[in-house]
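**Q** Quick check, what structure comes out for this input:
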Amino acid sequence: MLLGSHLSTSGGLHNALKDAREYGFHATALFVRSPRQWSAPPLTREAIAEFKRARKESGVEVVVAHASYLINLAGEPPQRKNGLGAVQEDLARCAALGIEHLVLHPGSCPDLEEGIRRIADGLDEAMETVANKRVKLLLEVTAGQGKCIGHRFEHLAELLSRVKRKSRYGICLDTAHMFAAGYELRKPKAWEETMNAFESIVGLKNLQAMHVNDSKKPLGSRVDRHENIGEGEIGLAGFKNLVNDSRFENIPLIMETPKGNRASDGRDWDEVNAEVLQSLVR
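**A** Numbering: from 1, shown residues only. The predicted model follows:
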């Protein structure tokens, strides 16, 4: 498995890669700047060089960045304008650092059709500013809270059909989000039905990354609450289906599970969750 976790960049972006090496991960995710602020200090040449050096030493094969949570390309001005600038900034940082993927939540709008139009137009505008064609922008499936767009495979397919530079885009699935949105994952037959639906509507060729999280909330709740692997409503059965599905062998599986130490034995939850997933492989 190309297994990894979303790791902290406290003290420098390169520290996420150092931690990934300690865990033995082959993939990792990180924020290239604060996800809860519009502005951030510019990347220095030293920071870029240190990141690239740490990646080479880490052995990490795939790095997936996550865009700011503040971005809503389906929103009204000035929110949309701020979001557009933030996407451009995040794409530019990924290009400078040599990061190949940037994950983005599509956005939120009361009018679905208008929201999809705004998002697609914003994506095209943002992508025009990034010359580095190695950086792919991945639209993430959402849980469907409020007026969020992206909780149906049809939303993602429509967005991909509207953008101009189709080779620059992909999809990031999230087990907790899909489950909360109403896609069943637990029984082998249900898993096959869900993945076959994704294949027919969106296409597995567009899948570039997957967030691997259990869900605190039940099927179809449309509430985004992550839980440790096997501790939530999806349970071990759903993740057993995932890790034994050969279609996902080369897809980076990124855990976004709760951090900290497990109370029972004091071990780090990233270590525990990785061990649980690996134990499910037949």
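**Q** Which positions within the lengthiest helix in the chain qualify as buried?
**A** The helix that spans the most residues within the chain, counting by DSSP state H, is helix 79-97. For helix 79-97, the neighbour count (16 or more other CB atoms under 10 Å) marks 79-80, 82-97 as buried. In this view, the C-beta of every residue, glycine as well, is placed from N, C-alpha and C.
**Q** if we look at it, which residues are touching it?
**A** Residues from elsewhere that reach helix 79-97, judged by CB atoms under 8 Å, 6 or more residues apart in numbering: 13, 32-33, 38, 40, 43, 48, 51-52, 63, 65, 67-68, 70-75, 99-102, 104, 107, 118, 122-123, 125-127, 129-132, 134-135, 137.
**Q** Let's see which of the residues you listed end up in strands.
**A** By the criterion of DSSP state E, membership of the contacts of helix 79-97 in strands covers 63, 65, 101, 102, 104, 107, 137.
**Q** Reformat these as TSV; add neighbour count.
**A** Listed next are these as TSV, based on neighbours: other CB atoms under 10 Å:
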residue	neighbour count
63	25
65	25
101	23
102	23
104	27
107	26
137	24
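**Q** Of the residues you listed, just say which sits nearest to residue 274.
**A** residue 63 (17.2 Å; CB to CB).
**Q** separation between that closest one and residue 30?
**A** 7 Å (CB to CB, to the nearest Å).
**Q** likewise residue 254?
**A** Separation of residue 254 from residue 30 (CB to CB): 10 Å.
**Q** shared neighbours, those two?
**A** residue 6.
**Q** Looking at those two, which one has more neighbours?
**A** In terms of neighbours (other CB atoms under 10 Å), residue 254 is the more surrounded of residue 254 and residue 30; the figures are 27 against 23.
**Q** Now the more buried one, what are its backbone angles?
**A** Torsion angles at residue 254 (phi, psi; degrees, to the nearest 10) stand at phi -110, psi 120.
**Q** so it sits right up against residue 26, yeah?
**A** No - taking contacts as CB atoms under 8 Å, residue 254 lies outside contact range of residue 26: 10.9 Å.
**Q** Mutual contacts of these two, please.
**A** Joint contacts of residue 254 and residue 26 (CB under 8 Å, 6+ apart) are residue 4.
**Q** taking the mean pLDDT, what do you get for stretch 251-263?
**A** What stretch 251-263 shows for mean pLDDT is 94.
**Q** do stretch 146-156 as well
**A** Computed over stretch 146-156, the average pLDDT equals 98.
**Q** list the buried ones in it?
**A** 148, 149, 150, 151, 152, 153, 155, 156.
**Q** which of those lies closest to residue 191?
**A** residue 153 (14.7 Å).
**Q** hmm, back to that, got the angle for the longest helix of the chain vs strand 62-66?
**A** Using axes from the mean of the first three to the mean of the last three CA atoms, to 10 degrees, one finds that helix 79-97 and strand 62-66 are set 160 degrees apart in direction.
**Q** distance of residue 150 from residue 224?
**A** 11 Å.
**Q** Which neighbours do those two have in common?
**A** residue 142.
**Q** Name the residues that touch whichever strand or helix holds residue 176?
**A** Using DSSP states H and E, residue 176 maps to helix 175-181. With CB under 8 Å, 6+ apart as the test, helix 175-181 has contacts from 140-144, 151-152, 185, 194, 210-215, 217, 219-227, 232-234, 238-239, 242.
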